[in-house]
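Q: starting from these lines, generate the structure:
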Amino acid sequence: MYLAVLSFYCDDDTVDVFPLAFLYIFRGKGGLPVIDFSNVLFILAHLQGLKADVGCKICGLGSGKTFPGSDLTDCSFLEEDIRFCQAKGKIVTLSIGGATSEVGFSSDAQAEAFGTLLWEMFLGGSAS
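A: Numbers count the residues shown, from 1 in each chain. Got it, this is the predicted structure:
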């Protein structure tokens, strides 16, 4: 069997938490964060003893289009799978940082603004 989409793994009753890693640059080009989920599906496949399918969508650096004026990869194709997983009671998290991260804040106001940005972009806000 080959690597599948995220929703496939959410049908597995032995796995309850799915960390999407990493959001590793807080303020990239255009002031937007930068994410790289390249290895997420490959790690899940490995845990299931599956082979990687080159046709499976990967969301990471150089994997496709970015939002205009930024280096933020458009991973909107993951939304349907994330909602499916959540409906099954699974937890999908966004991991922040990583070994090559560019993170940190120079003020409380900057940290609060970043928190608002994360909420709006990834965690339930109204941004599109």
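Q: could I have the strand of greatest length in the chain exported to PDB, CA atoms only?
A: The longest strand of the chain (DSSP state E) is strand 17-25. Extracted in PDB, the C-alpha atoms of strand 17-25 (Å, rounded to 0.1, in the frame of the first residue of the first chain):
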ATOM      1  CA  VAL A  17      -3.200  13.100  17.500                       C
ATOM      2  CA  PHE A  18      -1.800  14.500  14.200                       C
ATOM      3  CA  PRO A  19       0.900  17.200  14.500                       C
ATOM      4  CA  LEU A  20       1.400  19.200  11.400                       C
ATOM      5  CA  ALA A  21       5.000  20.400  11.500                       C
ATOM      6  CA  PHE A  22       6.400  23.000  11.200                       C
ATOM      7  CA  LEU A  23       5.400  26.600  11.000                       C
ATOM      8  CA  TYR A  24       9.000  27.600  11.300                       C
ATOM      9  CA  ILE A  25       9.300  31.300  10.300                       C
END
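Q: in that strand, what counts as buried?
A: Residues 18, 20, 21, 22, 23, 24, 25 are the ones in strand 17-25 that count as buried (16 or more other Cβ atoms under 10 Å). To be clear about C-beta, it is placed using only N, CA and C from the backbone, and glycine gets the same treatment.
Q: okay, and the beta partners of the second one?
A: With DSSP bridges as the criterion, residue 20 is bridged to residue 94.
Q: for the one residue sitting closest to the centre of the chain, what are its contacts?
A: Geometric centre of the chain, nearest residue: residue 20, 4.3 Å, by Cα atoms, centre = their mean. Residues in contact with residue 20 (Cβ atoms under 8 Å, 6 or more residues apart in numbering) are 35, 37, 40, 78, 92, 93, 94, 95.
Q: try it again with 7 Å
A: The neighbourhood of residue 20, defined by Cβ atoms under 7 Å, 6 or more residues apart in numbering, consists of 37, 40, 92, 93, 94, 95.
Q: next structured bit after the helix or strand bottoming out on mean pLDDT in the chain?
A: Least confident helix or strand, the chain: helix 40-47 with a mean of 54, by mean pLDDT, DSSP states H and E. Helices and strands here follow DSSP states H and E; after helix 40-47, the next one along the chain is helix 78-87.
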